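Asker: got a sequence here, can you model it:
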Amino acid sequence: MTATVPTAAPPRVSWVGRLVLGAVVVALFVVGGTAFRVWQVARQDDRQTADAVVVLGAAQYDGQPSSIFAARLKHAAALYDDKLAPRIVTTGGGRPGDAYTEAEAGRRYLIKLGVPPSAVVAVPVGTDTLGSLQAVAARAAQDGWSRALVVSDPWHSLRARQMARDSGLMAWTSPTRSGPVVQTRETQARYIVRETAAVLYYRLTHASVDTETSGLG
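Answerer: As a prediction, this is how the structure comes out:
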């Protein structure tokens, strides 16, 4: 008779390997789910009547809004013209040496667009999204209103809405559909990746990501 040679048993995966594999799977699920939510909310326009349209600030140059900021301001003016809110709140502080804050530059621009000066409130506080929205929430409590329709770029909507609600506002988003942030698929993909990381960072730290020019901090 021919002797049967026993086959070697397949190597067992150690518990450490399983733990690492499980952690990787969970991380991919969390990151992928967050990216999907950023994309999903970016496609939504939850415009509805509110106490104020809140425009998140972005870069300005000697009182002239950048193209990103101007796109947001034009969208806010359209929402005001549609009578969705009786006021527009512009946000954003300034940097050392600036003659204007982002909020002041935004207010000037809206008035040039034909929005009555009495309907534009500048809240020139904050160097990032969270700081600006906390300042808006404080102003809202002072003036006796709470419902905000937040205007920013599509990819910023999920995080901006969460920050506004965490600051005490009843908030919805109506993102702009124009401007350099939404012009190309490459740009859109880059901002989705960035915002996915920023949302995860905020959930872990409840802090903004520092940014210089986009107004997405």
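Asker: output the contacting helices and strands for the helix or strand that contains G131.
Answerer: Using DSSP states H and E, G131 sits in helix 129-143. Here helix 129-143 touches strand 52-55, strand 88-91, strand 120-123, strand 147-151, helix 157-166, going by 3 or more Cβ pairs under 8 Å, 6 or more residues apart in numbering; DSSP states H and E. Every residue, glycine included, has its C-beta placed from N, CA and C.
Asker: which stretches of this structure have low pLDDT?
Answerer: Along the chain, segments meeting pLDDT under 70 span 1-13, 181-183, 210-217.
Asker: so where do the helices sit in it?
Answerer: Ranges of helices in the chain, per DSSP state H, are 15-42, 67-81, 102-112, 129-143, 157-166, 185-205.
Asker: the nearest residue to S174 once chain neighbours are set aside: neighbour count?
Answerer: In this structure, S174 finds its nearest non-sequential neighbour in R47, 4.3 Å apart by Cβ to Cβ, 6 or more residues apart in numbering. By other Cβ atoms under 10 Å, 19 other residues sit near R47.
Asker: contacts only, for R47.
Answerer: The contact partners of R47, taken as Cβ atoms under 8 Å, 6 or more residues apart in numbering, are 79, 82, 84, 149, 172, 174.
Asker: quick check: the farthest pair among the residues you listed?
Answerer: Using Cβ to Cβ, the contacts of R47 span at most 14.3 Å, a distance reached by D82 and W172.
Asker: neighbour count: the two, which is higher?
Answerer: Between D82 and W172, counted using other Cβ under 10 Å, the more crowded position is W172 (19 against 11).
Asker: how near is V24 to F69?
Answerer: Per Cβ to Cβ, to the nearest Å, V24 is found 40 Å from F69.
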